[in-house]
Structure formats: structure tokens, C-alpha cells
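Visitor: coords please:
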Amino acid sequence: MATLVSEVALTPAAAARVAAIAARQNKPALLRLSVEGGGCSGFQYKFGLADAPEADDSVAETDGVRLLVDQVSLDLVRGCTVDYVESLGGAAFKVDNPVAASGCGCGTSFAV
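Guide: Numbering: from 1, shown residues only. Below is the predicted model:
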């Protein structure tokens, strides 16, 4: 059973964007954040819609939208906040990760 946690957070702006994307794709409003090796700084964030939580997922909920993080990735993003930002450079999900020692200019990879 997935565990509801306060170790990660989803901002209202990110929750609204996930809800809009999920509605367009006729999927549940579940955003999975995972961490993979790679990117220019050693690790990279990966986002995707999920059909259901996995048994070992940690779950944060904002405005009815759930952010899912697997246990392996949780160690690398504990305390993070996922936001959705729009700027002149485009629009994207952004992770504010206090565990990261450094990041890259594109904001999608980090080092610990």
C-alpha cells in the first residue's frame, strides 16, 4: 500500500497542470517523479503520468492530485517541492531539491 508522506510536496500550480494534462489524456491525476542515473550532473529527474500508485510509493497530495515517488528515488529527493513554472524560456516542471549539492543549467539533472 502506498504511504501518504510529507517528505515531498507538489505546489498548487504543479497540481493544476497535472490535472489538466491528465484530463486531456483521460488518465488519473497521478504524477510520478523518479530519479535515474545520467544527465550532465549525474542524476536526472523523470516525470510521467501513472495509472496507479505502486505498493512501495510515497505519495504527496495537493488539490486532489497525487505525486508518487518510489523508495529508491525518495532518498534522492526527500524534502523536495515540485513546481510548474512558465517563463520566456518555456514552461516545465521544476524540482526544488534540498538534497542536491549542485545542478545543471537546464534544471533537469543534479548531483548529491
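
Visitor: Sketch out the strands for this structure, chain order is fine.
Guide: 3-4, 9-10, 30-38, 42-49, 58-62, 65-69, 81-87, 90-96, 102-103, 109-111 (DSSP state E).

Visitor: got the CA coordinates for the third one in CSV?
Guide: Provided in CSV are the C-alpha atoms of strand 30-38 (Å, rounded to 0.1, in the frame of the first residue of the first chain):
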residue,chain,number,x,y,z
LEU,A,30,-1.1,10.9,-10.7
LEU,A,31,2.4,12.3,-11.4
ARG,A,32,5.3,10.0,-10.9
LEU,A,33,8.7,11.6,-10.1
SER,A,34,11.6,9.2,-10.4
VAL,A,35,15.4,9.7,-10.5
GLU,A,36,17.6,8.0,-13.0
GLY,A,37,21.4,7.9,-13.5
GLY,A,38,22.5,10.2,-16.2
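
Visitor: Now do it against strand 58-62, angle only.
Guide: 130 degrees (axes from the mean of the first three to the mean of the last three C-alpha atoms, to 10 degrees).

Visitor: So residue 79 sits against residue 58, correct?
Guide: No. Taking C-beta atoms under 8 Å as the definition, residue 79 is not a contact partner of residue 58, at 11.9 Å. Every residue, glycine included, has its C-beta placed from N, CA and C.

Visitor: out of the two, which sits in the busier spot?
Guide: residue 58 (22 against 12; other C-beta atoms under 10 Å).

Visitor: shouldn't that one be in contact with residue 72?
Guide: No. Assessed by C-beta under 8 Å, residue 58 is found out of contact with residue 72, at 10.9 Å.

Visitor: Out of the strands of the chain, which is closest to residue 21?
Guide: strand 42-49 (6.8 Å; C-beta to C-beta).
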